[in-house]
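# below is the sequence, then the predicted model.
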Amino acid sequence: MTEDAALEDEERKTLLAALASEADALRPELHRYAARLVGSVIDGEDVIQDAFARVFATAGSIPPGTPLRPWLFRIVHNRAIDALRQRSTRRSEPLEMAFDLADISAVGPEDALIRQDAVRIALGHFAELPVPQRSAVILKDVLGESLGDIAALLELSVDAVKAHLSRGRARLRAISDVRSEVPPPPSPEVLNFAALFNARDWDALRRMLAQDVRLRQARRPEISGAADVGRFFTYYAEYPPVRIEPAWLEGREILLVSAEPSGGPSYFMLLEWLGQKISLIRDHRYATYVMDGADVTLAASR
């Protein structure tokens, strides 16, 4: 290897190390943005997983000196927009539309109070905003980004961002949360899984795995196959004790995980089934940030 090639290789390794460190540190913040943009903490984590795969696949093409934070936000933003398109739920208002700037004055000294309100808003309500308004409100009122940085990320003028921000805030204030539905009882499969897990009957749980079962965890490579995924329960046998209980999140059945003996829930698992067998385990032990904004309801007793 020539001296120039060796230097180039060393610079690339340095860049990748800096990128990995920045990406990991920003991951909770990126998830807060993605989850509110797609209207789901579960789908938001999928966006992050896909975005990070793209980040490291294209890391070699990053120009030297590129600020990594806005670059990472741009990739997550684009991946979230792709996800919205794929779900056919993206609003019709394009990013390039003409803007009515009549109520720009709403962006002002009250920002701190508005931001507190936005953080408390039910995550699903953000999905009721057109994408540009949604992005502007999340970036400004939830994440505290500057108007200039938001404009750069969304490729809009600052005045356009102000208009979207004002409209989005007004629309969120007009949305009232009147949901009072009683959650359904847990499914027999989830009840059985929870009972066996809390009894620490790991062998019985392994027998519930499909042969081609997959295990997905943040910050870990996905693994597949009953033999390899079965070790998942071995790890939990060695961890400090936790208990799980059925709950509902975004219309999906989940298992809340809490520390024994009396800790509150810190993350959740999501199971997918093929008949009576588990085909996918999504364990968020290493991504507790997914609980931020999660509208969780305990399952009704049978």
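Yes, it's here.
# and the strands in this protein?
Taking DSSP state E as the test, the strands found in the chain are 209-217, 223-224, 242-249, 252-259, 265-274, 277-283, 296-298.
# could you tell me the least trusted of those?
With a mean of 87, strand 296-298 has the lowest mean pLDDT of the strands of the chain.
# now do that one: distance to the chain's middle.
Remark: strand 296-298 is offset 18 Å from the chain centroid, using CA atoms, centre = their mean, to the nearest Å.
# what's that strand in contact with?
183, 245-249, 254, 256, 265, 268 (CB atoms under 8 Å, 6 or more residues apart in numbering). No exception for glycine: its C-beta is placed from N, CA and C like everyone else's.
# could you list the paired strands of it along with their orientation?
strand 242-249 (antiparallel) (DSSP bridges).
# what's in contact with the partner strand?
Surrounding strand 242-249, the residues in contact under the criterion CB under 8 Å, 6+ apart are 41-42, 183-184, 186, 190-191, 193-194, 197-198, 236, 253-260, 268-269, 294-299.
# G168 - how many residues pack around it?
Neighbour count for G168, taken as other CB atoms under 10 Å: 24.
# from what I can see it touches L129, true?
Yes - using CB atoms under 8 Å, G168 is in contact with L129, at 5.2 Å.
# so what sits against both of those two?
Contacts common to G168 and L129, judged by CB under 8 Å, 6+ apart, are V137.
# what segments of the stretch 51-200 of the chain are helices?
68-86, 111-120, 123-126, 131-137, 147-154, 158-174, 188-198 (DSSP state H, counting those that start in this stretch).
# wait, what's in contact with R74?
L153.
# lowest average confidence, helix or strand, in the protein?
Sorting the helices and strands of the chain by mean pLDDT, DSSP states H and E puts helix 111-120 at the bottom, at a mean of 46.
# pull the contacting residues for E145.
Per CB under 8 Å, 6+ apart, neighbours of E145: 139, 153.
# recalculate using a threshold of 7 Å.
Residues in contact with E145 (CB atoms under 7 Å, 6 or more residues apart in numbering) are L139.
# same thing with K140?
150, 165.
# ok, back up a step: can you lay out the strands of the chain as CSV showing distance to E10?
Formatted as CSV, the strands of the chain follow (distance: least, CB to CB, whole Å):
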stretch, distance to E10
strand 209-217, 32
strand 223-224, 32
strand 242-249, 43
strand 252-259, 42
strand 265-274, 38
strand 277-283, 37
strand 296-298, 47
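# and the gap between the residue nearest to N198 when sequence neighbours are not counted and Q276?
Leaving out its chain neighbours, the residue that sits closest to N198 by CB to CB, 6 or more residues apart in numbering is R243, at 5.3 Å. Distance of R243 to Q276, computed by CB to CB, to the nearest Å: 23 Å.
# who has more neighbours, these two?
Neighbour count, other CB under 10 Å: between R243 and Q276, R243 has more, with 17 against 10.
# out of the contacts of strand 296-298, flag the one nearest to A57.
Closest approach between the contacts of strand 296-298 and A57, by CB to CB: F268, at 28.8 Å.
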